[in-house]
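Undergrad: build me a model:
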Amino acid sequence: MRFLLALIGLAAVVLIILLATGMVTLHGTAGTLPTVKVEGGKAPEVTANVATVTTGTTNVTVPTVQINKPGEAPPANSVAPK
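TA: Numbering: from 1, shown residues only. I've put the predicted structure just below:
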């Protein structure tokens, strides 16, 4: 394994030396991206059965709570504690 890594490293060093001295020159042309053509299509159809929510109002009598501190007289329309 070490021998293989050493051989690859030596080849890389030789290639760099050859490029630096001008004994090897590399020429290339710029590439282009592929063209992509999108044609028509159809979005998927989705049906959903959902619950319905109805809102309304009702008249409800809500009891009121009154707090009397010790030493205060209770109001005239209150019920005395047992």
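Undergrad: any idea how far apart the tips of stretch 13-27 sit?
TA: 20 Å (CA to CA, to the nearest Å).
Undergrad: check the offset of that stretch from the chain's centre.
TA: 49 Å (CA atoms, centre = their mean, to the nearest Å).
Undergrad: same check, this time on stretch 41-53
TA: 23 Å.
Undergrad: ok, stretch 26-35 next?
TA: 36 Å.
Undergrad: pLDDT on that stretch, on average?
TA: Averaged across stretch 26-35, pLDDT comes to 86.
Undergrad: tell me which residues in that stretch are buried?
TA: For stretch 26-35, a neighbour-count test (16 or more other CB atoms under 10 Å) marks nothing as buried. C-beta here means a position set from N, CA and C on the backbone, and glycine is covered the same way.
Undergrad: residues near M1, how many?
TA: 5 (other CB atoms under 10 Å).
Undergrad: any idea how far I8 is from it?
TA: Shown here: M1 relative to I8, a distance of 11 Å by CB to CB, to the nearest Å.
Undergrad: what do you get for N49?
TA: 64 Å.
Undergrad: neighbour count: these two, which is higher?
TA: I8 (10 against 4).
Undergrad: and the helices in the protein, which stretches?
TA: 2-21 (DSSP state H).
Undergrad: so where's it uncertain?
TA: Applying pLDDT under 70 to the chain flags residues 75-82.
Undergrad: rerun at 80
TA: By pLDDT under 80, the weakly predicted segments of the chain are 68, 70-82.
Undergrad: count of residues packed around T55?
TA: Neighbours of T55 (other CB under 10 Å): 4.
Undergrad: also A11?
TA: Other residues close to A11 by other CB under 10 Å number 10.
Undergrad: how close does it sit to L18?
TA: A11 is 11 Å from L18, by CB to CB.
Undergrad: check H27 too.
TA: Applying CB to CB to H27 and L18 gives a distance of 15 Å.
Undergrad: V53 now?
TA: Separation of V53 from L18 (CB to CB): 78 Å.
Undergrad: more neighbours: the two, which one.
TA: L18 (12 against 5).
Undergrad: so what's that one closest to, chain neighbours aside?
TA: V24 (4.2 Å; CB to CB, 6 or more residues apart in numbering).
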